[in-house]
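[1] Provided below for reference: sequence and predicted model.
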Number of protein chains: 2
Amino acid sequence: MKFGILVFPNAEELDVFGPWEFLGAWNKFAKGPEGLIIAQTTAPVICAKGASVNPHVSFEQCPALDFLLVPGGEGTRKEIDNEILIGFISKQSKNCKAVLSVCTGSSLLQRTGLLSGKKTTTHWNSLDHLRALGDVTVVEERFVKDGNIWSSAGVSAGMDMMLAFIADFAGEETAGIVQFAVEYYPSTKSYGGFDKNPKAPAYLKLRV
Amino acid sequence: MKFGILVFPNAEELDVFGPWEFLGAWNKFAKGPEGLIIAQTTAPVICAKGASVNPHVSFEQCPALDFLLVPGGEGTRKEIDNEILIGFISKQSKNCKAVLSVCTGSSLLQRTGLLSGKKTTTHWNSLDHLRALGDVTVVEERFVKDGNIWSSAGVSAGMDMMLAFIADFAGEETAGIVQFAVEYYPSTKSYGGFDKNPKAPAYLKLRV
């Protein structure tokens, strides 16, 4: 099986490499799908914080995927009008067992029509923008699954979604193998109290 | 100020891009240091899970750094005998305000002598190997600071270390700005009970 992760100019690094790491551990330690980083062309892609990544395959070279993950980042504001990219997501999604988005990647899924009538989420600072698009039910959760479409809150939330996705698809034991391999037992420390900021999403404000 | 993150063949992706994301947010939203990804040459580097990254500068091109972070990954087993890389860490560290390692990156710091007599840590599966090196005090914490040397447990622990480092260097408010920007309020869910595995580090076994 093949699990593709999309990149584009100004995609957010951790949106891509958080899930990528978990996917790699799944493949290496528990026979998970093969990972591919995919972009419109195979030219280097400069991400939102300046890292330069070489995609494995272009849209044209990309085999039929079993899973597709779409990251967010500032680049989504431009890519939402990139018909080639939106067309690639639409076409691949038809055969995918699951499609996932991280952060503002959900705005790209919305543009394809895949989210129509579905629950979804995004980075806390883009919740209102996503709500304004109208045909989606925006929830303020760390991540949400609706049918075979998964979406997560901002940036680092993609890792929590990915583990939950692995558990859902391959079982809790497999998710545990991945979690232990990457030692994902994160600290719960909150700095500066921003989790109770008026702009914080509901799942944070309600957290005890 | 300049904050360098090292890469080498088979460096672990999340060891690099977790801290990189936090560093980028610190730079963008709170005037943090400029980030640079550094390798022996500027040729593409293939990481442990197969991602291909283009370094910003080679060792020779690299300016004097204020901070240096050394990732881990399977590649450390080879790089520990790479005198050019060990020499680069040694030379740059002399002028750094802080030196940080993620996962098995601590074995590279140990080789430079920087950890001599100091507390350090690593991925749970490498704790015994690090202990056997003899001149370090290995602690089973999520991360540890000893003087201006910071080291973290495996892979994802680099993000917790990075936030704590930012708080230490630039204050809790700044760390909070970074944490909120990347929405780093991770789930505490444990899958499959591996956190109580006999091989799990003390900080996990003792966690309630």
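    That came in fine, so what should we check first?

[2] ok, longest helix in chain A?
    Secondary structure of chain A per DSSP state H: the longest helix is helix A:13-30.

[3] could I get the full set of helices for chain A?
    Taking DSSP H as the criterion, chain A contains helices spanning A:13-30, A:76-79, A:83-93, A:105-112, A:127-132, A:157-170, A:172-181, A:202-205.

[4] what does the third one contact?
    So that's helix A:83-93. Identification of contacts with helix A:83-93 by Cβ atoms under 8 Å, 6 or more residues apart in numbering or on different chains yields A:4, A:6, A:8, A:40, A:59, A:62, A:64-65, A:68, A:70, A:79-80, A:99, A:108-109, A:111-114. Placement of C-beta: from N, CA and C, glycine included.

[5] returning to that earlier point: mean confidence for the longest helix of chain A?
    For helix A:13-30, mean pLDDT rounds to 98.

[6] would you mark the buried spots in it?
    A:13-27, A:30 (16 or more other Cβ atoms under 10 Å in any protein chain shown).

[7] got it, and stretch A:168-182?
    The neighbour-count check on stretch A:168-182 (16+ other Cβ under 10 Å) flags A:169-170, A:172, A:174-182 as buried.

[8] near chain B, list only the ones from those residues.
    Residues of the buried residues of stretch A:168-182 in contact with chain B (Cβ under 8 Å from any Cβ of the partner chain): A:172, A:174-182.

[9] between these, which is nearest residue B:192?
    Among those, residue A:176 lies closest to residue B:192 (Cβ to Cβ), at 2.2 Å.

[10] list the contacts of the closest residue to the closest one other than its chain neighbours.
    Leaving out its chain neighbours, the residue that sits closest to residue A:176 by Cβ to Cβ, 6 or more residues apart in numbering or on different chains is residue B:192, at 2.2 Å. Counting by Cβ under 8 Å, 6+ apart, residue B:192 touches A:172-177, A:179-180.

[11] any chance of the residues you listed in CSV, with pLDDT and distance to residue B:143 too?
    Below are the contacts of residue B:192 laid out as CSV (pLDDT from 0 to 100; distance: Cβ to Cβ, whole Å):
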residue, pLDDT, distance to residue B:143
A:172, 98, 27
A:173, 98, 28
A:174, 98, 27
A:175, 98, 24
A:176, 98, 22
A:177, 98, 23
A:179, 98, 18
A:180, 98, 18
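
[12] with distance to residue B:47 added, can I get the residues you listed in CSV?
    Shown next, in CSV, are these (distance: Cβ to Cβ, whole Å):
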residue, distance to residue B:47
A:172, 28
A:173, 26
A:174, 22
A:175, 22
A:176, 24
A:177, 20
A:179, 20
A:180, 20
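
[13] pick the one among the residues you listed closest to chain B.
    Nearest to chain B among the contacts of residue B:192: residue A:176, at 2.2 Å, using Cβ to the nearest Cβ.

[14] that closest one reaches residue B:196, doesn't it?
    No: taking contacts as Cβ atoms under 8 Å, residue A:176 lies outside contact range of residue B:196: 10.8 Å.

[15] need phi/psi at residue A:136.
    Residue A:136 adopts backbone torsions of phi -130, psi 160, taken as degrees, to the nearest 10.
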